[in-house]
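In: no sequence for this one, just the structure:
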């Protein structure tokens with residue numbers, strides 16, 4: 001298997017993930033994901049796609065993430081991992097979609113015409 005390159009976005013955060021076969025190591029900005037995301041809830045978000053597809057210790061992932069807050073970054077990483085898993089096996093898409101992991105949620109400023117009261 002070659003390296004799979006995907007990206008994920010959430011609010012202002014952007015994550016670029018590089019997935020290869022391995023032992024389950026997840027590195028975020030050159031740190032272990034448990035060091036980068038010290039909160040257990042955020043760690044769960046990172047491993048959620050692997051748990052759903054039962055691939056917890058099958059792939060290594062290196063992620064570069066930038067922008068936004070820590071929760072947005074964790075969710076951007078989760079989306080990038082989800083996209084990589086779907087590119088490996090399309091049959092995982094329905095299970096991942098049922099958990100809401102395939103959605104990119106971006107918040108933008110409202111346009112001026114949306115703010116008009118006319």
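Out: That came through fine. Everything numeric in this text was worked out from a predicted model, so none of it was measured.
In: where does this structure dip in pLDDT?
Out: For the chain, the stretches with pLDDT under 70 are 105-118.
In: check contacts around residue 64.
Out: Residue 64 makes contacts with 15, 16, 29, as judged by C-beta atoms under 8 Å, 6 or more residues apart in numbering. Using the backbone N, CA and C atoms, a C-beta is placed for each residue, glycine as well.
In: ditto for residue 21
Out: 1, 58, 59, 60.
In: what would the residues you listed look like in CSV with secondary structure?
Out: As requested, the contacts of residue 21 are exported to CSV (DSSP: H, G, I helix; E, B strand; the rest coil):
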residue, secondary structure
1, coil
58, coil
59, strand
60, strand
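In: are any of these buried, and which?
Out: Buried residues within these, counting neighbours by 16 or more other C-beta atoms under 10 Å: 59, 60.
In: Neighbours of residue 92, how many?
Out: Counted with other C-beta atoms under 10 Å, residues neighbouring residue 92 total 18.
In: you'd agree it is in a helix?
Out: Yes: in this structure, residue 92 lies within a helix as judged by three-state DSSP.
In: Hmm, residue 83 and it touching each other?
Out: No: using C-beta atoms under 8 Å, residue 92 is not in contact with residue 83; the gap is 10.9 Å.
In: So how do I select the buried members of the contacts of residue 64 in ChimeraX?
Out: Command for ChimeraX that selects the buried part of these, burial taken from 16+ other C-beta under 10 Å:
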select :15,16
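In: And for residue 62, the neighbour number?
Out: Neighbour count of residue 62, defined by other C-beta under 10 Å: 17.
In: Please disregard the earlier target; I meant residue 61.
Out: Close neighbours of residue 61, defined as other C-beta under 10 Å, add up to 25.
In: Surely it is within a strand?
Out: Yes: assessed with three-state DSSP, residue 61 lies in a strand.
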